[in-house]
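Trainee: Prediction below, plus the sequence it came from.
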Amino acid sequence: MSSSMPVSQQVSKQHKAFLRKLYLAHLMDDDRHNLLSLNKLTGMPRRTLQDAIAAFEDIGIRVEFVQEGSRNNAGYYRIVTWGPISSAWVDTHLTEIADLIGVVESGETAA
């Protein structure tokens, strides 16, 4: 038996959704992001991003949108608390999480 994480074909839809939330929370905790920047960074559709962010509370992560300027979408998401999730664990497993959800990490792309 292998101790490595399963390949993406073996990951359930629910597990992928959970990992997607962890990945997005990490991005929001690491830098200031809104839907547009998250879309550009991850390639995830806007609706997928909105659904994942709305479901953060389901896993104990609290997020808020910090308004900057007068436009409704002018601002960024900020993680208030990770709740029961270890952000350090997410940091150390980020590459594996990105692989499993099908996202190419931005640090690995050529400029």
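Mentor: Received, thanks.
Trainee: which residues of the protein fall in strands?
Mentor: Using DSSP state E, the strands assigned to the chain run over residues 62-67, 75-81.
Trainee: Pick the most deeply packed of those strands.
Mentor: Highest mean neighbour count of the strands of the chain: strand 75-81, a mean of 16 (counted as mean count of other C-beta atoms under 10 Å). (C-beta placed from N, C-alpha, C; glycine too.)
Trainee: any idea of the angle that one forms with strand 62-67?
Mentor: Strand 75-81 runs at 150 degrees relative to strand 62-67, counting by axes from the mean of the first three to the mean of the last three C-alpha atoms, to 10 degrees.
Trainee: ok, and what's touching strand 75-81?
Mentor: Residues from elsewhere that reach strand 75-81 (C-beta atoms under 8 Å, 6 or more residues apart in numbering): 25, 28-29, 32-34, 53, 60-69.
Trainee: And for stretch 52-61?
Mentor: With contact meaning C-beta under 8 Å, 6+ apart, stretch 52-61 is reached by 17-18, 20-21, 24-25, 44, 62-63, 77, 79, 81-85.
Trainee: For that stretch, list every residue counted as buried.
Mentor: By neighbour count with 16 or more other C-beta atoms under 10 Å, stretch 52-61 contains the buried residues Ala52, Ile53, Phe56, Ile61.
Trainee: Which ones among these lie within helices?
Mentor: Applying DSSP state H to those, the entries found in helices are Ala52, Ile53.
Trainee: so which of the buried residues of stretch 52-61 comes closest to Asp99?
Mentor: For these, the closest approach to Asp99 (C-beta to C-beta) belongs to Ala52, at 17.6 Å.
Trainee: What about Gln10, how many residues nearby?
Mentor: For Gln10, the count of nearby residues is 9 (other C-beta atoms under 10 Å).
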